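Participant: Provide a 3D model corresponding to the input given below.
(one chain, ligands or ions: 1)
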Amino acid sequence: METVRFAPSPTGLLHLGHAFSAVFADQAREGGRFLLRIEDIERDRVRAEYVDAIFEDLTWLGLRWEEPVAFQSSRLDTYEAALKILIDEGHVYRCFCSRKQIAEHNQSIASAPHGPIPHYPGTCRELDPEQAAKRAALGEEFAWRLDIKRSLDLLGSVTWHDRRRGVQQVVRVSDPILARRDIGTSYHLSSVVDDADQGVTLVTRGSDLFESTHVHRLIQGLLGLPNPEYYHHPLVGDTSGQRLSKRDKSISLRSLRASGMSPAAVLLSAGACLIDGT
Ligand code: GLU
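Facilitator: Numbering: from 1, shown residues only. You can find the predicted model right below:
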């Protein structure tokens, strides 16, 4: 028996890929608990109508979740408290770089790696913390980044287990933002804290988030949180084998339902569109 969760962001309508992911989680619980978490920290992109659509679409698919539903927007204090621990222990540093500066730097190097964790050249990692604090006190905006190298040095060899790909050694990825300047938290920090607080034992999600799990495992280690099992499932593609995105309105669950498709047919077609190698 597992405690699993489905954790959509209400920034668009759910599509075939979400249907697959939600049902995948539900089946993976093996008689355990199925939780629904609304990841609504990005205030500028979230819309209430998308939250309603999530409830409606998941109900239509036949899913039932435990009440109450968790909303990340109501847990900002909890994320702030976790961030404070990381700040006090020196695991994160202030980053004053703008997106534009980072993009320009990445363009200047031929092979900046692409992936879910944007490449960061480490510009602010070496700043003197006192100097950085002074700049912040003078009103300069900053985000908090996790110092991956320091975390790895501190925690030593860290692993996690993916049910599809086996034991994974945490590798050095780019230093990710843990607290954005506008929202004071991030997907990484919030989801790790929530998975622990909600007692999630098996994290199921698309393989596009595989690399993020290295970061999540380090945050767990630094905060002394339990280490759940993972299952990164293959992604659902469109007819040309490309990943679906929320912008592809044509394959939203809402439009498939309106076209008369049954939930079973939706799930069959999602299963038939899995992209090889993801
Ligand atoms: N909110 C994330 C998304 O919609 C899901 C993250 C997760 O399952 O860890 O992509």
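Participant: Which positions in this protein make contact with the ligand?
Facilitator: 7, 8, 9, 39, 191, 205, 209 (C-beta under 6 Å from any ligand atom). Where C-beta positions appear, they are placed from N, C-alpha and C, glycine not excepted.
Participant: so how many other residues sit close to residue 2?
Facilitator: With neighbours defined by other C-beta atoms under 10 Å, the count for residue 2 comes to 19.
Participant: can you put the residues of the chain next to the ligand in a markdown table and add secondary structure and pLDDT?
Facilitator: Below are those laid out as a markdown table (DSSP: H, G, I helix; E, B strand; the rest coil; pLDDT from 0 to 100):
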| residue | secondary structure | pLDDT |
| --- | --- | --- |
| 7 | coil | 98 |
| 8 | coil | 97 |
| 9 | coil | 96 |
| 39 | coil | 98 |
| 191 | helix | 98 |
| 205 | strand | 97 |
| 209 | helix | 95 |
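Participant: Mark which of those are buried, thanks.
Facilitator: When the residues of the chain next to the ligand are checked for burial by 16 or more other C-beta atoms under 10 Å, the buried set is 7, 8, 9, 39, 191, 205.
Participant: Tabulate these (TSV), appending distance to residue 88.
Facilitator: As requested, those are exported to TSV (distance: C-beta to C-beta, whole Å):
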residue	distance to residue 88
7	28
8	33
9	29
39	26
191	22
205	30
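Participant: Tell me which residues of the particular helix or strand that has residue 266 in it come out buried.
Facilitator: Element membership for residue 266 (DSSP states H and E) is helix 263-272. Using 16+ other C-beta under 10 Å as the test for burial, helix 263-272 gives 263, 266, 267, 269, 270.
Participant: the domain parsing of this protein - what is it?
Facilitator: 1-74+234-278, 76-188 (automatic domain parsing).
Participant: Make TSV from the ones you listed and add distance to residue 226 to it.
Facilitator: Formatted as TSV, these follow (distance: least, C-beta to C-beta, whole Å):
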stretch	distance to residue 226
domain 1-74+234-278	11
domain 76-188	12
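Participant: what about the helix holding residue 266, distance to the chain center?
Facilitator: 25 Å (C-alpha atoms, centre = their mean, to the nearest Å).
Participant: what's the answer for stretch 204-215, then?
Facilitator: 7 Å.
Participant: From the opening residue of it to its closing one, how far?
Facilitator: 16 Å (C-alpha to C-alpha, to the nearest Å).
Participant: Distance-wise, check residue 116 relative to residue 180.
Facilitator: 16 Å (C-beta to C-beta, to the nearest Å).
Participant: Strands of the stretch 1-150 of the chain, start to end?
Facilitator: In the stretch 1-150 of the chain, the strands defined using DSSP state E, counting those that start in this stretch lie at 3-6, 33-38, 70-71, 92-95, 143-146.
Participant: can you list contacts of the shortest one?
Facilitator: Put plainly, it is strand 70-71. 35, 36, 37, 38, 40, 194, 198 (C-beta atoms under 8 Å, 6 or more residues apart in numbering).
Participant: Thanks a lot, see you next time.
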